[in-house]
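> Give me a model of this one.
(2 chains, ligands or ions: 3)
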Amino acid sequence: MNRLFKAEVVSNTHVSDTLSILKLSPAGAEAAPAPGQFYMVRVSETLDPLLRRPFSILRWDEASLEFLIKVRGRATALMRSLKCGEELDLLGPLGRGFPPPPPGATPLIVAGGVGIASVYPLIGSLARDAHVFYGAPGMRELCLIDEIRGHTERLHISTDDGSLGLKGSVVEALAGFLDTSGVTNPVVYACGPEGMAEALIGMLTERGVPGYLSIEERMACGVGACLGCVTRTVSGYRRVCREGPVFDVRELSR
Amino acid sequence: MRLEVEIGRLRLRNPVMTASGTFGYGEEYAGFVDLDRLGAVVVKGLSLTPREGNPPPRIVETPAGMLNAIGLQNIGIERFLKERLPFLRRFDTPLVVNFFGDTVDEYVRAAERLSGVDGIHALEMNISCPNKQAGWSIFGTDPDVTHRVVGSVRRVTDLTLIVKLSPNVTDIALMARAAADAGADAVSLINTITGMAIDIRTRRPKLANVTGGLSGPAVRPIGVRMVWEVSRAVAIPVIGMGGIVSAEDAIEYMLAGASAVAVGTASFLNPTAAIDVLEGIKEFMTDQGIEDVRSITGGLIEG
Ligand SMILES: Cc1cc2nc3c(=O)[nH]c(=O)nc-3n(C[C@H](O)[C@H](O)[C@H](O)COP(=O)(O)OP(=O)(O)OC[C@H]3O[C@@H](n4cnc5c(N)ncnc54)[C@H](O)[C@@H]3O)c2cc1C
Ligand SMILES: Cc1cc2nc3c(=O)[nH]c(=O)nc-3n(C[C@H](O)[C@H](O)[C@H](O)COP(=O)(O)O)c2cc1C
Ligand code: FES
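Ligands and ions are numbered 1, 2, ... in the order given. Predicted coordinates for the structure are as follows:
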């Protein structure tokens, strides 16, 4: 299957001041992604921005791919302003996604901010047994709440400013749940900003709870060639684009 | 149409190679590029023993370019020979192994180990790295040191020896002459240009290593100028690189004096960049009625 292809913008929905959902229609039959995998998107044919940017797959079917984009800099600002009919160049799906939970485990899906994009595909596939913990600085940075509720009632929202759900961080919310709910065989599937990732690794390691975490690092090639995207693991530097982006929490020494 | 070029004893089916460090060990791009269509595959720089490299962040984008501070991370020569070379041997394309050392002795031992191995056709010596013997000066910035390290390697290998020059010098022609006098079969240039970027809000460098090497289209005019200077100073072939993303860029390098070119950073934006450059060169030759690609080399008209 072709992993380098063009796709046309079908819709670009602004869901908040900084978040948008970009729906693309690939030109031909492309390889199907797995939850947690990502695509390297070439945002412009010009040389500025120069490099492709990595984005997790949010949703897909035979005819379309969807991404949740948060504006951070030049490339993401350009993506927010894309119009229907415009064409993008994609490379993917890439990387190793989330492994399926072992039998009898209770999946706990954890997202911080735009990290929801990476774990969102799990919500549909694991919803029957899963709990979802979703946090952000404030309610305006949360999205897809109705869609998540359509899959599960067990959604635990938290915001740093208390504007929706529990006041505090999503890691605190998860820790509280682990300590009080008596949940058996939990396994965590998580993605979020660096600060959250650090706190989560510490919290899970302390409790001996297994988990998988999707890591972000700056990328150039996305295919393992440049060694630019490494993260430190217990077995040395590993490429986020090839050995990741999803790592076993026990692998991540911090 | 004739596309073959000669670099030392190496015969390339066409003048388009990959640049070291931007094409992994070939396998990473084999799903996108038929390696048998390339002029040569040049692999990531190797050393005698594995290197961990620098802490992240290792890369940052800059206008029409990027800074990298990979820190020469590599799996080491022995693992390369065992784990990566068998895959590359399946192709007909000449394999150029890029290597480096911390001392003259390490360069020599690396070249010895790589010579006489089935499937390795040429060596590219990266001399843009610190010389630990001489208190962290750079091998490629002192012509005497360049002459000594290249000469020492020359004495232990019969493989085609390409010396990769650092652009971080005042007079690159001087370095090229030192390499040629010491027995290099060819020189390749440019390696990355040392640069730096700062996050003005946090006031911290954007790379954990503080400085990094600039590559991509932003460096191309510098690369073209240096290839022009070097090709007039030495009689051995010059391999041009630095910011090549299209056939036009490659032809510019050839007109300046390059016998072959290498595609680097462009592969990151476009995995098929090297093949696209080759196809574009063929089109250009057809359009211009050029029969032999070698006739482009040094075709610059001055004055
Ligand atoms: C595997 C993976 C999956 C991702 N999935 C998504 C997604 O689904 N949705 C989404 O909105 N974003 C995602 N990202 C992040 C996204 O790639 C970056 O936000 C984007 O590259 C920024 O480009 P820019 O030109 O807008 O910003 P730039 O101008 O390049 O950078 C703006 C700021 O963001 C920082 N930054 C840029 N890239 C990264 C990075 N990769 N990691 C950490 N900090 C960075 C820079 O240091 C700078 O401060 C993902 C990243 C990775 C590695
Ligand atoms: C990520 C990266 C890694 C590199 N690693 C090496 C290396 O190991 N050895 C070497 O001689 N050059 C290395 N280079 C330099 C390139 O081979 C090339 O000389 C330079 O990038 C200029 O070409 P470009 O602008 O087309 O990329 C590296 C460049 C990049 C961007
Ligand atoms: S982005 Fe190049 S190795 Fe991961």
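> Phi, psi for the residue of the stretch 101-250 of chain A found nearest ligand 2 please.
Residue of the stretch 101-250 of chain A nearest ligand 2, by C-beta to the nearest ligand atom: residue A:226 (4.2 Å). From N, CA and C alone the C-beta is placed, and that goes for glycine too. Main-chain torsions, residue A:226, degrees, to the nearest 10: phi -100, psi -20.
> Check the spacing between it and chain B real quick.
Separation of residue A:226 from chain B (C-beta to the nearest C-beta, to the nearest Å): 6 Å.
> There's contact between that residue and residue B:68 in this structure, I believe.
Yes. Between residue A:226 and residue B:68 a contact is recorded at 7.2 Å, counting by C-beta atoms under 8 Å.
> And those two? Which one has more around it.
residue A:226 (29 against 25; other C-beta atoms under 10 Å in any protein chain shown).
> pLDDT value on residue 204, please?
Using chain A. Listed pLDDT for residue A:204 reads 96.
> You answered for a different chain; I wanted chain B.
98.
> Can you work out which residues contact both of residue A:226 and residue B:68?
A:220, B:59 (C-beta atoms under 8 Å, 6 or more residues apart in numbering or on different chains).
> residues contacting the residue of the stretch 101-250 of chain A closest to ligand 2?
Contacts of residue A:226 were listed using C-beta under 8 Å, 6+ apart, and they are A:220, B:21, B:22, B:24, B:59, B:68, B:70, B:268.
> Tally up the residues packed near the last one, please.
Other residues lying near residue B:268 total 28 when counted by other C-beta under 10 Å.
> repeat for the third one
Other residues within reach of residue B:22, judged by other C-beta under 10 Å, total 25.
> Report the spatially nearest residue to residue A:14, omitting neighbours in sequence.
residue A:20 (4.8 Å; C-beta to C-beta, 6 or more residues apart in numbering or on different chains).
> Just say helix, strand or coil for the one you found.
strand (DSSP: H, G, I helix; E, B strand; the rest coil).
> Surely residue A:143 and residue A:19 touch.
Yes. Taking C-beta under 8 Å as the definition, residue A:143 is a contact partner of residue A:19 at 5.4 Å.
> ok now do the residue lying closest to residue A:120 once chain neighbours are set aside, which residues does it touch?
Using C-beta to C-beta, 6+ apart and skipping the chain neighbours, the partner closest in space to residue A:120 is residue A:58 (5.3 Å). Contact partners of residue A:58, counting by C-beta under 8 Å, 6+ apart, are A:21, A:66, A:67, A:68, A:117, A:120, A:121.
> Kindly recompute the last result at 7 Å.
A:66, A:67, A:68, A:117, A:120 (C-beta atoms under 7 Å, 6 or more residues apart in numbering or on different chains).
> ok, now residue A:203?
A:171, A:175.
> how about the residues of the stretch 101-250 of chain B near chain A?
Proximity of the stretch 101-250 of chain B to chain A, by C-beta under 7 Å from any C-beta of the partner chain, involves residues B:216, B:217.
> Which parts of the stretch 101-250 of chain B are helices?
B:104-114, B:143-154, B:172-181, B:220-233, B:247-256 (DSSP state H, counting those that start in this stretch).
> Format these as a markdown table; extra columns: mean neighbour count.
Shown next, in a markdown table, are those (neighbours: other C-beta atoms under 10 Å in any protein chain shown):
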| stretch | mean neighbour count |
| --- | --- |
| helix B:104-114 | 19 |
| helix B:143-154 | 20 |
| helix B:172-181 | 22 |
| helix B:220-233 | 21 |
| helix B:247-256 | 22 |
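> Tell me which of these lies nearest to ligand 1.
The nearest among the helices of the stretch 101-250 of chain B, by C-beta to the nearest ligand atom, is helix B:220-233 at 21.8 Å.
> The residue lying closest to residue A:65 once chain neighbours are set aside and residue A:40, how far apart?
Once flanking residues are discounted, residue A:65 sits nearest to residue A:24: 5.0 Å by C-beta to C-beta, 6+ apart. Distance, residue A:24 to residue A:40, by C-beta to C-beta, to the nearest Å: 14 Å.
> and what of residue B:228?
With C-beta to C-beta as the criterion, residue B:228 and residue A:40 are 35 Å apart.
> If you count residues, where's the longest strand of chain A?
Longest strand in chain A by number of residues (criterion: DSSP state E): strand A:4-14.
> so does it get close to ligand 1?
No. Strand A:4-14 is not in contact with ligand 1 by C-beta under 6 Å from any ligand atom; minimum separation 13.2 Å.
> Return the list of helices and strands in contact with that strand.
Contacts defined by 3 or more C-beta pairs under 7 Å, 6 or more residues apart in numbering or on different chains; DSSP states H and E place strand A:4-14 against strand A:19-26, strand A:87-94.
> Which stretch among the ones you listed approaches ligand 2 most closely?
Across those, ligand 2 has its closest neighbour in strand A:87-94 (16.8 Å, C-beta to the nearest ligand atom).
> In the stretch 1-150 of chain A, what residue spans correspond to helices?
Secondary structure of the stretch 1-150 of chain A (DSSP H, counting those that start in this stretch): helices at A:74-80, A:116-126, A:145-151.
> centre of the chain versus the last one, how much separation?
The reference is to helix A:145-151. Counting by C-alpha atoms, centre = their mean, to the nearest Å, helix A:145-151 is centred 17 Å from the centre of its parent chain.
> And it, what does it pack against?
On a contact count with 3+ C-beta pairs under 7 Å, 6+ apart, helix A:145-151 meets helix A:116-126.
> helices or strands up against the helix it packs on?
strand A:65-70, strand A:106-112, helix A:145-151, strand A:186-191.
> what's the offset of the first one from the middle of its chain?
Which is strand A:65-70. Distance of strand A:65-70 from the chain centroid (C-alpha atoms, centre = their mean) equals 10 Å.
> Please enumerate residues in contact with it?
Against strand A:65-70 from outside (C-beta under 7 Å, 6+ apart): A:7, A:18-24, A:26, A:55, A:57-60, A:76, A:79-80, A:114, A:116-117.
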